[in-house]
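Participant: Sequence and predicted structure, then a few things I'm wondering about:
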Amino acid sequence: MTEITLHLDLDPDRHRALTDLADAEGRRPEDVVEAAVEAYLRAESGLVRERAERLAEEHAELLRRLGE
């Protein structure tokens, strides 16, 4: 596993909400943030795939010529 360190400047209301949620779930705030990142990446992966497919389609001729 690769580790990343984030320094978030949360306003007091968001910090309180994060710590309250973590406490309610019996988790660390870091675990809640990690779960949020994972959910975001899952949600956005389709968008990335769509954009890549669109670009490949738009540049199909160029890609074909580069492959020759």
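Facilitator: Looks like it came in fine.
Participant: Show me which parts of stretch 51-68 are buried, residue by residue.
Facilitator: Buried positions in stretch 51-68, judged by neighbour count with 16 or more other Cβ atoms under 10 Å: none. To be clear about C-beta, it is placed using only N, CA and C from the backbone, and glycine gets the same treatment.
Participant: how long is that stretch from one end to the other?
Facilitator: Stretch 51-68 has an end-to-end distance of 24 Å (Cα to Cα, to the nearest Å).
Participant: Now it: average pLDDT?
Facilitator: Per-residue pLDDT over stretch 51-68 has a mean of 87.
Participant: next one: stretch 22-41
Facilitator: For stretch 22-41, mean pLDDT is 96.
Participant: With stretch 11-19 instead?
Facilitator: 96.
Participant: pull the CA atoms of it into CSV?
Facilitator: C-alpha atoms of stretch 11-19 as CSV (Å, rounded to 0.1, in the frame of the first residue of the first chain):
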residue,chain,number,x,y,z
ASP,A,11,-13.2,25.0,8.8
PRO,A,12,-14.3,24.3,12.4
ASP,A,13,-17.8,23.2,11.3
ARG,A,14,-16.5,20.6,8.8
HIS,A,15,-13.9,19.4,11.3
ARG,A,16,-16.6,18.9,13.9
ALA,A,17,-18.8,17.2,11.4
LEU,A,18,-15.9,14.8,10.4
THR,A,19,-15.0,14.0,14.0
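Participant: Show me the helices in this structure, by range?
Facilitator: 12-25, 29-58, 60-66 (DSSP state H).
Participant: Just give me the neighbour total for residue 28.
Facilitator: 12 (other Cβ atoms under 10 Å).
Participant: again with the one 3 residues further on
Facilitator: Other residues near residue 31 number 12, with proximity taken as other Cβ under 10 Å.
Participant: No further queries at this time; thank you.
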